[in-house]
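Asker: Please work out how this folds:
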Amino acid sequence: MWLWYDWQAAAIADGEGLIHDQSVWSGFHDQRALISRLHLIAKGELTPEARLLCERYPDAVIRIHGEADLPDFNWPLPSDEALAAADAAAIEMSRAGVADAAGDPDKRLEHLVRASDELRATYLTMESRLVEWVGLFLPELRFGKDRSSLGKTVGESESLDSLAKHFSVSLPERGPSKHEWKSLREWGESTSVFRGKLDRLENATRGLAEQHLPSLSLMLGPLLAARLCVEAHGRMRLARLPAGTVQVLGAEKAFFNHLKTGASPPKHGHIFMHPWISRSPRWVRGKIARTIAAKASIAAKIDAFEGKPLTQEDVELIDKKIEEIKAAHPRPNKR
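Answerer: Just a heads-up that it's a prediction; the model follows:
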């Protein structure tokens with residue numbers, strides 16, 4: 001016996017195609033009810049008609065319409081009017097899905113983080129070009145670690161002479177032509193514009209991360225919290241990951257290289273960006289990374305399941321624990 005069903009009907013047939021029993025739903029004019037049924041089908045659940053026949057014929061082989069091994073019998077398929085109603089309901093479901101996606105903080109964070117990465121790569125390339133270009137004409141100029149204002153300074157300078165005076169360096173014997181300086185100045189302006197766009201993207205990321213991941217943002221900073229969330233494909237999935245996986249999120253290539261070649265496994269992934277690890281001595285970074293990953297895993301669970309948020313005192317206790325690890329290992333272990 002076969003139990004066939006779709007969103008509007010269910011039927012029982014024997015091996016020869018004879019329909020023994022069927023149940024047909026005629027309420028397809030109610031779009032909300034129809035959408036509920038389509039959701040059941042999407043989840044792989046039985047419709048009320050299918051459950052009814054399943055109780056009557058518990059030994060029947062259950063198959064939904066369209067499965068490959070389902071016999072081609074004369075099943076009670078929906079009418080043209082019912083199919084038109086189903087099409088309209090499917091369109092409405094798509095609209096609702098798009099609206100839900102627009103309100104999903106995980107999706108919004110993903111776009112913000114990915115856009116920031118792409119824009120940062122472009123900005124750093126433009127900034128490097130600007131540094132080399134300006135350095136060609138002003139070789140005495142020494143750039144510090146912070147070059148974020150260079151593009152704005154070049155863009156606001158009327159000439160190479162004014163730029164040299166701003167940085168208090170001497171002019172070279174040969175400078176750029178008028179058109180060349182104009183191009184250099186426009187490049188500086190464009191670099192400054194990209195820097196401003198990057199800052200605004202990161203500010204938007206911070207704001208959303210502090211709302212969506214308050215405890216993790218307080219502990220690691222909103223930008224790193226957002227990156228971990230995106231890397232884990234969502235807040236709930238991040239909360240369910242073990243601490244060891246959180247520790248190496250972002251180091252997938254190194255981890256698979258370890259599995260393939262037997263090289264040393266990575267000690268940390270994105271969490272290396274936090275000063276607790278990056279500014280610590282090399283020989284204690286692994287121990288600190290394990291501690292931070294364990295605490296970050298707890299913070300992610302608090303955020304996902306709406307527990308009591310971490311406080312600044314909690315973060316200070318973690319900082320104290322990090323300092324204790326450093327004090328306990330002032331020198332690398334002897335091998």
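Asker: which ones are touching Arg331?
Answerer: Contact analysis of Arg331 by C-beta atoms under 8 Å, 6 or more residues apart in numbering lists Trp283. In short, each C-beta sits where N, CA and C put it, glycine included.
Asker: Grab the longest helix from this protein for me.
Answerer: As assigned by DSSP state H, the longest helix anywhere in the chain is helix 178-212.
Asker: what about the next helix or strand after that helix, distance to the chain center?
Answerer: Later in the chain than helix 178-212, the nearest helix or strand by DSSP states H and E is helix 214-220. Distance of helix 214-220 from the chain centroid (C-alpha atoms, centre = their mean, to the nearest Å) equals 17 Å.
Asker: neighbours of Ala33, just the number please.
Answerer: Ala33 has 13 neighbours, counted by other C-beta atoms under 10 Å.
Asker: Grab the nearest non-local neighbour of it.
Answerer: Gly27 (5.4 Å; C-beta to C-beta, 6 or more residues apart in numbering).
Asker: and if you look at Pro222?
Answerer: Going by C-beta to C-beta, 6+ apart, Pro222 has Ala209 as its nearest residue, at 3.7 Å.
Asker: pretty sure that neighbour is in contact with Val230, am I right?
Answerer: No. Counting by C-beta atoms under 8 Å, Ala209 does not reach Val230; the two are 9.9 Å apart.
Asker: Give the residues shared as contacts by the two.
Answerer: Common neighbours of Ala209 and Val230, counting by C-beta under 8 Å, 6+ apart, are Leu109.
Asker: And the longest helix of the chain, how far out from the chain middle?
Answerer: Helix 178-212 sits 22 Å away from the centroid of its parent chain (C-alpha atoms, centre = their mean).
Asker: Then stretch 210-228?
Answerer: Computed by C-alpha atoms, centre = their mean, the chain-centroid distance of stretch 210-228 equals 13 Å.
Asker: how long is it end to end?
Answerer: 13 Å (C-alpha to C-alpha, to the nearest Å).
Asker: Could you give me the buried positions within that stretch?
Answerer: Buried residues in stretch 210-228, counted by 16 or more other C-beta atoms under 10 Å: 210, 212-228.
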